[in-house]
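Enquirer: below are the sequence and a predicted model for it; my questions follow.
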Amino acid sequence: MSEIHYDKSALIAMSGGVDSSVAAYLMLQDGYRLEGTTMRLYHWDKKYRKKTRTCCTDMDFSDASEVAVRLGIPYEVTDYEETFRREVIEKFIRVYENGGTPNPCIDCNRVLKFEKLLEYANDKGLSNIVTGHYSRIELDPQSGRFLLKKAVDNSKDQSYVLYNLTQEQLAHTVFPLGNLTKDEVRRIAAEQGFVNAAKRDSQDICFIPDGDYAAFIERYTGWEFPDGDYLDTQGNVIGRHHGAIRYTIGQRKGLGVAFGRPQFVCAKSMEDNTVTLSDEEAVFHDTLIVSEVNWIAIPELNKPVRVTAKHRYRAREAACTVYPGDYVMRADNDQEHMPRIPDAARCTGTADDIYVVFDEPQRAMTPGQALVMYDGDVVLGGGTITAVY
């Protein structure tokens, strides 16, 4: 059963890229009354404007406006810089300062592209919002719940970054590209003569076009992150690094020191400003605690369930068992189906968390990243990784 929207009015988020432009065209073809908007989230330093591959550049606004004129729909730029700064940039900084690795695109989707955009659409008397994300929404006739599903084009699927959508948001959101491939989208754009038909996709974090997130944090906060010690897994000092904030779990390149054999970041302490290095085996783990879980296909989890899950956007799905926190906490050593969870992990989580145990150890699972669970092509739910064992 496909998306059901009885009131065919919508506000479309137009990034200036080919995906949202084709999404707008398809909505008009489907008979929707449509208005377009580009959300201004960040003002660019002039030195980045020509070389960046992110959103919110002057060219993006120009391209979105030109497509809107070609389609004959109202268009405006809406300013959300303050909300973006508070809810996305400052959270990004906090997670890094606490030793995690954030995913700002997920926070931007949650707060800006769906929550704020839907509020704005309703203020304008429009019932739905539209984006160019590659994913699908379907109504499950048995449960009455809206389901988030993978895109047909698995290479472009973006369901991972959409796991935070609520039932209310799913009920009023349309993803016109979910059944199309990227090649089909570009073909439609070329046939319609869109100025951005061959435009490259955005790739960088929108507020860090050069990829140097540590330098950005230093500029933003005015703080400097001092050099510190590299440690081996026995706690011995084996070298000097350039500030623990600059390193992520699983990192091999850019360590700045030759150790005679490949070394990987397996842990770091922001409090002590130390980075622990190891052979690659030490960056593989099998158990996670996940907090702030949003369930989509089910209202809640009340018993262990077998799923596949991704712990990073580019990670492959892997088989695992998911346990409700209260189940783990009430389990005893004699229980037949006792989950294979370390005692330290049992003392860390809460009844509202979930425990995820992978069948096989996974590489570089990192606090701050999202853990998204799937049942086939349906997103069961997801949350934020808070601890790894």
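Expert: Structure received.

Enquirer: now do the SS call for the nearest residue to A318 once chain neighbours are set aside.
Expert: Distances taken as Cβ to Cβ, 6 or more residues apart in numbering place F358 nearest to A318, at 5.5 Å, with adjacent residues excluded. No exception for glycine: its C-beta is placed from N, CA and C like everyone else's. F358 carries the three-state label strand when classified by DSSP: H, G, I helix; E, B strand; the rest coil.

Enquirer: same check on A24?
Expert: On the basis of three-state DSSP, A24 is classed as helix.

Enquirer: which stretches of the stretch 201-350 of the chain form helices?
Expert: Assigned by DSSP state H, counting those that start in this stretch, the stretch 201-350 of the chain shows helices spanning 213-221, 325-330, 343-346.

Enquirer: which residues touch the last one?
Expert: Helix 343-346 is contacted from outside by 287, 289, 328-329, 355, 387, 389, using Cβ atoms under 8 Å, 6 or more residues apart in numbering.

Enquirer: what are the buried residues along that helix?
Expert: Neighbour counts over helix 343-346 (16 or more other Cβ atoms under 10 Å) mark 345-346 as buried.

Enquirer: quick one: end-to-end distance for stretch 244-255.
Expert: Using Cα to Cα, to the nearest Å, one end of stretch 244-255 lies 11 Å from the other.

Enquirer: let's have the chain start at 32 instead
Expert: Sure, I'll start counting at 32 from here, so that last one is stretch 275-286.

Enquirer: what's in contact with it?
Expert: So stretch 275-286 is in contact with 127-128, 130, 132, 245, 248, 256, 259, 261, 272, 293-301, 304-306, 308, 311, 314, 394-397, 419, going by Cβ under 8 Å, 6+ apart.

Enquirer: for the helix or strand where E215 lies, give the mean pLDDT please.
Expert: Applying DSSP states H and E as the criterion places E215 in helix 213-222. Mean pLDDT, helix 213-222: 97.

Enquirer: and that helix, what's buried?
Expert: Under the neighbour-count criterion of 16+ other Cβ under 10 Å, helix 213-222 has 213, 216-217, 219-220 buried.

Enquirer: over to stretch 192-202?
Expert: Residues of stretch 192-202 classed as buried by neighbour count (16+ other Cβ under 10 Å): 192-196, 200-202.

Enquirer: check stretch 300-313 too.
Expert: For stretch 300-313, by 16+ other Cβ under 10 Å, it's 301, 304-308.

Enquirer: what do you get for stretch 253-260?
Expert: Under 16+ other Cβ under 10 Å, the buried positions of stretch 253-260 are 256, 259-260.

Enquirer: now do stretch 337-345
Expert: For stretch 337-345, by 16+ other Cβ under 10 Å, it's 338-343.

Enquirer: likewise for stretch 179-191?
Expert: 179-184, 187-191.

Enquirer: show me what it is in contact with.
Expert: In contact with stretch 179-191 (Cβ under 8 Å, 6+ apart) are residues 164-169, 193-194, 196, 201, 208-213, 327-328, 341, 344, 401, 403, 405, 408-410, 413.

Enquirer: if you set the cut-off to 7 Å instead, what comes out?
Expert: Residues from elsewhere that reach stretch 179-191 (Cβ atoms under 7 Å, 6 or more residues apart in numbering): 164-169, 193, 196, 201, 209-213, 327, 341, 344, 401, 403, 408-410.

Enquirer: make JSON lines from the buried residues of stretch 179-191 and add distance to A376, pLDDT and secondary structure to it.
Expert: Below are those laid out as JSON lines (distance: Cβ to Cβ, whole Å; pLDDT from 0 to 100; DSSP: H, G, I helix; E, B strand; the rest coil):
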{"residue": "L179", "distance to A376": "28", "pLDDT": "98", "secondary structure": "strand"}
{"residue": "K180", "distance to A376": "31", "pLDDT": "98", "secondary structure": "strand"}
{"residue": "K181", "distance to A376": "30", "pLDDT": "98", "secondary structure": "strand"}
{"residue": "A182", "distance to A376": "34", "pLDDT": "98", "secondary structure": "coil"}
{"residue": "V183", "distance to A376": "38", "pLDDT": "97", "secondary structure": "coil"}
{"residue": "D184", "distance to A376": "37", "pLDDT": "94", "secondary structure": "coil"}
{"residue": "K187", "distance to A376": "35", "pLDDT": "95", "secondary structure": "helix"}
{"residue": "D188", "distance to A376": "30", "pLDDT": "97", "secondary structure": "coil"}
{"residue": "Q189", "distance to A376": "30", "pLDDT": "97", "secondary structure": "coil"}
{"residue": "S190", "distance to A376": "27", "pLDDT": "98", "secondary structure": "helix"}
{"residue": "Y191", "distance to A376": "24", "pLDDT": "98", "secondary structure": "helix"}
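
Enquirer: can you list the residues you listed in TSV and add distance to G287?
Expert: TSV is the format used below for the buried residues of stretch 179-191 (distance: Cβ to Cβ, whole Å):
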residue	distance to G287
L179	42
K180	44
K181	39
A182	40
V183	44
D184	39
K187	36
D188	36
Q189	34
S190	37
Y191	32
